[in-house]
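my questions are about this predicted structure, shown below with the sequence.
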Amino acid sequence: MKYCSTRGQVRNLSFSDAVMMGLASDGGLLIPEQIPQLSQQQLEAFSHLNYRDLAYEIISLYATDLPAADLRNLVDTSYASFNHVDITPVVKQGNVYILELFHGPTLAFKDVALQFLGNLFEYYLIRDNKKLNIIGATSGDTGSAAIAGVRGKKNINIFILFPFGRVSSVQEMQMTTVTDDNVFNIAIDGTFDDAQAIVKEIFNDQQFKQAYALGSINSINWVRVLAQIVYYFYAYFRVREQTTCEQVQFSVPTGNFGDIFAGYLAGKMGLPTRRFILATNANNILSRFVNSGDYSLADVHHSFSPSMDIQVASNFERYLYYLYDGDTEAVVAAMGRFKKTGKIIFPMALQAKIHQDFLAVSVDDQQTIEQISSFYHHTGYLLDPHTAVGVKAAGLIGDNVPLVCLATAHPAKFPEAIDKALKDKMLPLETIERLRDLPRRCERMVADVKKIKKHIALNSSKS
């Protein structure tokens, strides 16, 4: 399997090259040159596998230059840190199936990919005797999961930018209480979009990128998407064991388009699914894109689901590549218009194609809180605010097939929202309570790319 850029100037990369490059050197995002197609016979064989074995089989289709024994060890090591035997269990609650993606070390779906990517980075760096400085931006969960994936690992430093005061108190604790020598937290005065723009600008400085051996752990790194493809298949197989229906529909709360894009690729591989339900909060650039072909910037609203407080979806360009049938010039032109004007307007013909892939709805804070409360009183199950957005969306626009809602985080990570919805119903979680008295380390900085680069340069020698 070879990899290319959505912008057409980077081609014929190996899997290992794609992992280490992160953002393509032409400013695009890396994608596989072909999408493997699973036969009905393969789907049937995969349906009986446990999560680790399924992950091995699917990832091996894309990581063709990674020795089988090494991949097996990487998968087994990565998921040994999860506290549930099924890794991503599926539970029926009321009229929906909940795909629980929060059983990793930081209680969020990002662990599924970042535990694997952290181990993969270390594997390549030790093999090649190289060092890496990881730069990432987070709206909350990516940062803690990325840090957990690489803390204390050999030959790696990690620099995480997050918007000061715009992540939950628990998310901030999970990041800043990690004081390993190779971990650097940076709280910027601004939004997640500001942090993400700084990271992209740094990566587009090819001289700086090469000089300081920069790598990406954000969802612009292809491995983030790849690892998330697995749990869509796993969920489908578990639901099919409980129903005679041959198709399911997934509802995905998303702000950066990475999680739902993984599902989209699973569908292209042969996963029997209906159109994906794209659920956003008040930061609705993606639902506007689906419903009216309007992908245009708006102000970022601080919400009870902060990991989705995003107005520039970093994985959107990958979907554009497929929407434009692989026309990289069209991708470059569209992204150029967006950079210049802050908007892309899609004609009716392309809107029709989009509607074949997605349904979408925006769920505001009041609806989110009401959904947490009503779902708890009907089922006794506690949703985190992001999952509540997805469950609400499924109830509003879901088809008449089994509905799988992605539970992207444990509710204990968002005590403010849970307390708003259900006073005194959130029981303390020991893994979180242990963080409260730990020392913290974090730099607060203005959202200035020059100052961030200077900070990276001063500390990168510590790897």
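That came in fine, so what should we check first?

ends of stretch 199-211, what's the gap?
According to C-alpha to C-alpha, to the nearest Å, stretch 199-211 extends 16 Å from its N-terminal end residue to its C-terminal end residue.

for that stretch, what is the distance to the chain centroid?
The gap between where stretch 199-211 is centred and where its chain is centred comes out at 22 Å by C-alpha atoms, centre = their mean, to the nearest Å.

likewise for stretch 3-21?
20 Å.

just the buried residues of it, please?
When neighbours are counted by 16 or more other C-beta atoms under 10 Å, the buried residues of stretch 3-21 are found to be 3-8, 10, 13, 15-16, 18-21. C-beta here means a position set from N, CA and C on the backbone, and glycine is covered the same way.

taking those residues one by one, which sit in strands?
Tyr3, Cys4, Ser5 (DSSP state E).

related to what we said a few turns ago, out of the buried residues of stretch 3-21, who's nearest Ala409?
Val19 (25.5 Å; C-beta to C-beta).

turn the buried residues of stretch 3-21 into CSV, columns for pLDDT and distance to Leu61.
Below are the buried residues of stretch 3-21 laid out as CSV (pLDDT from 0 to 100; distance: C-beta to C-beta, whole Å):
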residue, pLDDT, distance to Leu61
Tyr3, 98, 13
Cys4, 98, 17
Ser5, 98, 20
Thr6, 98, 20
Arg7, 98, 24
Gly8, 96, 24
Val10, 96, 21
Leu13, 97, 16
Phe15, 97, 11
Ser16, 95, 16
Ala18, 94, 14
Val19, 93, 15
Met20, 90, 20
Met21, 88, 20
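
quick one: which of those is nearest to Val361?
For the buried residues of stretch 3-21, the minimum distance to Val361 (C-beta to C-beta) is 27.1 Å, reached by Thr6.

need the contact list for the closest one.
Contacts for Thr6 were tallied using C-beta atoms under 8 Å, 6 or more residues apart in numbering; they are Ala24, Gly28, Leu29, Leu30, Ile31, Glu317, Arg318, Leu320, Tyr321, Thr328, Val331.

tell me which element the fifth one falls in.
Using DSSP states H and E, the element containing Ile31 is strand 30-32.

and that strand, what does it pack onto?
In terms of contacts (3 or more C-beta pairs under 8 Å, 6 or more residues apart in numbering; DSSP states H and E), strand 30-32 is packed against strand 3-5, helix 222-240.

buried deepest among those, which one?
With neighbours defined by mean count of other C-beta atoms under 10 Å, none of these is more surrounded on average than helix 222-240, at a mean of 24.

ok, then the element right after that one?
Taking DSSP H and E as the definition, the helix or strand that follows helix 222-240 towards the C-terminus is strand 249-253.

which helices and strands does whichever helix or strand comes after that following strand pack with?
Per DSSP H and E, the first helix or strand lying C-terminal to strand 249-253 is helix 258-269. Of the remaining helices and strands, those touching helix 258-269 by 3+ C-beta pairs under 8 Å, 6+ apart are helix 222-240, strand 249-253, strand 276-280, helix 316-323.

so who does Leu327 touch?
Careful, residue 327 is Asp; it's not Leu. If a contact means C-beta under 8 Å, 6+ apart, then Asp327 has no contacts.

now do 10 Å
By C-beta atoms under 10 Å, 6 or more residues apart in numbering, the contact list for Asp327 reads Gly8, Leu320, Tyr321, Ala333, Ala334.

just Asn133 next, same as before
For Asn133, the residues meeting the contact criterion (C-beta under 10 Å, 6+ apart) are 156-159, 182, 184, 209, 212-215, 456-457, 459-463.

one more pass at 6 Å, please.
Neighbour list for Asn133: Asn157, Tyr212, Ala213, Leu214, Ser460 [criterion: C-beta atoms under 6 Å, 6 or more residues apart in numbering].

for the last one, helix, strand, or coil?
This points to Ser460. helix (DSSP: H, G, I helix; E, B strand; the rest coil).

that one against Leu214, yeah?
No: under the contact definition of C-beta atoms under 6 Å, Ser460 does not touch Leu214, with a separation of 8.7 Å.

more neighbours, those two?
Taking other C-beta atoms under 10 Å, Ser460 and Leu214 do not tie; Leu214 has more neighbours (23 against 19).

distance of that one relative to Glu122?
16 Å (C-beta to C-beta, to the nearest Å).

with Met20 instead?
Met20 sits at a distance of 12 Å from Glu122 (criterion: C-beta to C-beta).

hey, where'd the strands end up in the stretch 301-450 of the chain?
The residue ranges that make up the strands of the stretch 301-450 of the chain, judged by DSSP state E, counting those that start in this stretch, are 343-345, 358-362, 403-407, 443-446.

which stretch among the ones you listed comes nearest Asp205?
For the strands of the stretch 301-450 of the chain, the distance to Asp205 is smallest for strand 443-446, at 17.9 Å, taking C-beta to C-beta.

which residues sit against that closest one?
So strand 443-446 is contacted by Phe164, Ile186, Ala187, Ile188, Asp189, Lys451 (C-beta under 6 Å, 6+ apart).

could you do stretch 53-62 as well?
Counting contacts by C-beta under 6 Å, 6+ apart, the residues outside stretch 53-62 that touch it are Met1, Pro32, Pro36, Phe46, Leu71, Arg72, Val75, Leu226, Val230, Tyr234.

how is the fifth one assigned, secondary-structure-wise?
Same thing as Leu71. helix.

count the residues that sit near it.
For Leu71, using other C-beta under 10 Å, the count is 19.

with only the CA atoms kept, save stretch 277-284 in CSV.
Taking only C-alpha atoms (Å, rounded to 0.1, in the frame of the first residue of the first chain), the coordinates of stretch 277-284 have been written out as CSV:
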residue,chain,number,x,y,z
ILE,A,277,-25.4,10.9,11.0
LEU,A,278,-23.1,13.9,11.5
ALA,A,279,-23.9,15.5,14.8
THR,A,280,-22.5,18.9,15.8
ASN,A,281,-23.1,21.3,18.6
ALA,A,282,-23.6,25.1,18.1
ASN,A,283,-20.3,25.2,16.2
ASN,A,284,-22.1,23.9,13.1
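
run through who's touching that stretch.
Counting by C-beta under 6 Å, 6+ apart, stretch 277-284 makes contact with 251, 253, 260, 286-287, 290, 301, 303, 305, 308-311, 358-360, 362, 364, 389-390, 393-394, all of which sit outside it.

mark which of those residues are buried, thanks.
For the contacts of stretch 277-284, a burial check counting by 16+ other C-beta under 10 Å picks out 251, 253, 260, 286-287, 290, 303, 305, 308-311, 358-360, 362, 364, 389-390, 393-394.

sorry, back to before: pull out the buried residues from the next helix or strand after the strand holding Ile31.
Taking DSSP H and E as the definition, the helix or strand that follows strand 30-32 towards the C-terminus is helix 40-46. Buried residues in helix 40-46, defined by neighbour count with 16+ other C-beta under 10 Å: Leu43, Phe46.

which secondary structure element is home to Asn133?
Short version, using DSSP H and E: Asn133 is in strand 132-137.

neighbouring strands - and their directions - for that strand?
In its sheet, strand 132-137 lies beside strand 156-163 (parallel), strand 214-216 (parallel), with partners assigned from DSSP bridges.
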